[in-house]
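Enquirer: below is the sequence, then the predicted model.
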Amino acid sequence: AKEIELPEVPKSDARAWTDEEIELLRAAADEVDRQRQRPPSARMVLELVLATGLRQQELFALDWTAIDRRTRTVRVTRQLDRSRPIFRPLKGKNNRTAVVLPSWWEWHRDDARGLVLAGPNGQPLQHRRSGMLFDRVLKVAGIKQPGMRLHSGRHTYARLFLEAGGWMDELQTSLGHKSIRTT
């Protein structure tokens, strides 16, 4: 696959992050965490999206008990509402099990309970606040490209998944796509 040259992606489309951008984002997330010093951790947000490919609302509704170290999977059953800090059914209405990439396990805490990305009070963050957290990471990283947003982490997960030898049908299930064409 390394010999395949992909067509240029329109600047307005979300795209996968390069390995260099991932390293820039990790360093920036660490800097944001040093400045903020309150939950949720920007680095934890970044690592979780890279390792699971979950949508933003799914990330911020994820409970520690949904992540299974034994099977290396995460069970996705709900998402955070965009306008209020409450949970609702998934976009596709079907629960799913997603493969968790190896990069996550150094961040995992087997004894943890509650939301993985809880706010300072242990409650879910509102959609706008979670987006602002990642916008801050982008600003610190000095990345100002159109289409660069937290959703790009889903595209990056797909790239990393396939590079690790995953199959398209497994990726389709992990991302929650009804059609393989979407994947």
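Expert: Structure received. Numbering: from 1, shown residues only.

Enquirer: next SSE after the longest helix along the chain?
Expert: For the chain, the longest helix by residue count, based on DSSP state H, is helix 19-36. Going down the chain from helix 19-36, the next helix or strand is helix 42-52, by DSSP states H and E.

Enquirer: what about the worst-scoring helix or strand of the chain on mean pLDDT, distance to the chain center?
Expert: Here the helix or strand of the chain ranked lowest by mean pLDDT, DSSP states H and E is helix 127-141, holding a mean of 90. Using Cα atoms, centre = their mean, to the nearest Å, we find the averaged C-alpha position of helix 127-141 to lie 13 Å away from the chain's own average C-alpha position.

Enquirer: how about the most centrally placed residue in the chain: what's its closest non-neighbour residue?
Expert: Most central in the chain under Cα atoms, centre = their mean is residue 49, positioned 1.7 Å from the mean C-alpha point. The spatially closest residue to residue 49, leaving aside those adjacent along the chain, is residue 153, at 3.3 Å (Cβ to Cβ, 6 or more residues apart in numbering). Backbone N, C-alpha and C define where each C-beta goes, glycine included.

Enquirer: so which residues of the protein form helices?
Expert: With DSSP H applied, the chain shows helices at 19-36, 42-52, 56-59, 127-141, 152-163, 168-175, listed in chain order.

Enquirer: nearest to residue 69, of those helices?
Expert: Comparison of the helices of the chain against residue 69 by Cβ to Cβ identifies helix 42-52 as nearest, at 12.4 Å.
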